[in-house]
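Enquirer: no FASTA, just this:
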């Protein structure tokens, strides 16, 4: 399993997700073979998992810190300007 798949699964668990819960009832015919009588499919909500949230947040903090510590001053300044521009655009869209 790749890191991206693991991250995706962890995010799904951290946010909560819907799943199908299937209940099947069988009976036997004259020859003793099972026959499906009833099949009930219900949607089940699996609530967010706090441990998964914590793992994601801790991992993200580590990655962000490592990435930022490797940037030069010029790259940091460029990233600062980019983020400020995004904030201004967001504020403009909210008004």
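Expert: Nice, thanks for sending it over. Worth saying up front: this structure is predicted, and the values here are computed from it rather than measured.
Enquirer: Could you use CA atoms for every contact and neighbour count after this?
Expert: OK.
Enquirer: for this structure, what spans make up the strands?
Expert: Remark: strands assigned in the chain by DSSP state E are 17-28, 34-46.
Enquirer: The shortest one relative to strand 34-46, how many degrees between them?
Expert: Spelled out, it's strand 17-28. For strand 17-28 against strand 34-46, the angle by axes from the mean of the first three to the mean of the last three C-alpha atoms, to 10 degrees is 160 degrees.
Enquirer: ok, strand 17-28: who's next to it in the sheet?
Expert: Strand pairing for strand 17-28, using DSSP bridges, gives strand 34-46 (antiparallel).
Enquirer: re earlier: out of the strands of the chain, which comes closest to residue 86?
Expert: Between residue 86 and the strands of the chain, the tightest spacing by C-alpha to C-alpha is seen for strand 17-28, at 30.1 Å.
Enquirer: Give me the residues contacting that closest one.
Expert: With C-alpha atoms under 8 Å, 6 or more residues apart in numbering as the test, strand 17-28 has contacts from 34-48.
Enquirer: Would you list the buried entries among the residues you listed?
Expert: Buried by 16 or more other C-alpha atoms under 10 Å: nothing, out of the contacts of strand 17-28.
Enquirer: Now tell me what touches the helix or strand bottoming out on mean pLDDT in the chain from outside.
Expert: Lowest on mean pLDDT, DSSP states H and E among the helices and strands of the chain sits helix 50-70, with a mean of 76. For helix 50-70, contacts defined as C-alpha under 8 Å, 6+ apart pick out 10, 11, 13, 14, 15, 76.
Enquirer: and if we set it to 7 Å?
Expert: Helix 50-70 is contacted from outside by 10, 13, 14, using C-alpha atoms under 7 Å, 6 or more residues apart in numbering.
Enquirer: Make JSON lines out of these and add pLDDT and distance to residue 83.
Expert: Shown next, in JSON lines, are the contacts of helix 50-70 (pLDDT from 0 to 100; distance: C-alpha to C-alpha, whole Å):
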{"residue": "10", "pLDDT": "86", "distance to residue 83": "27"}
{"residue": "13", "pLDDT": "91", "distance to residue 83": "29"}
{"residue": "14", "pLDDT": "89", "distance to residue 83": "26"}
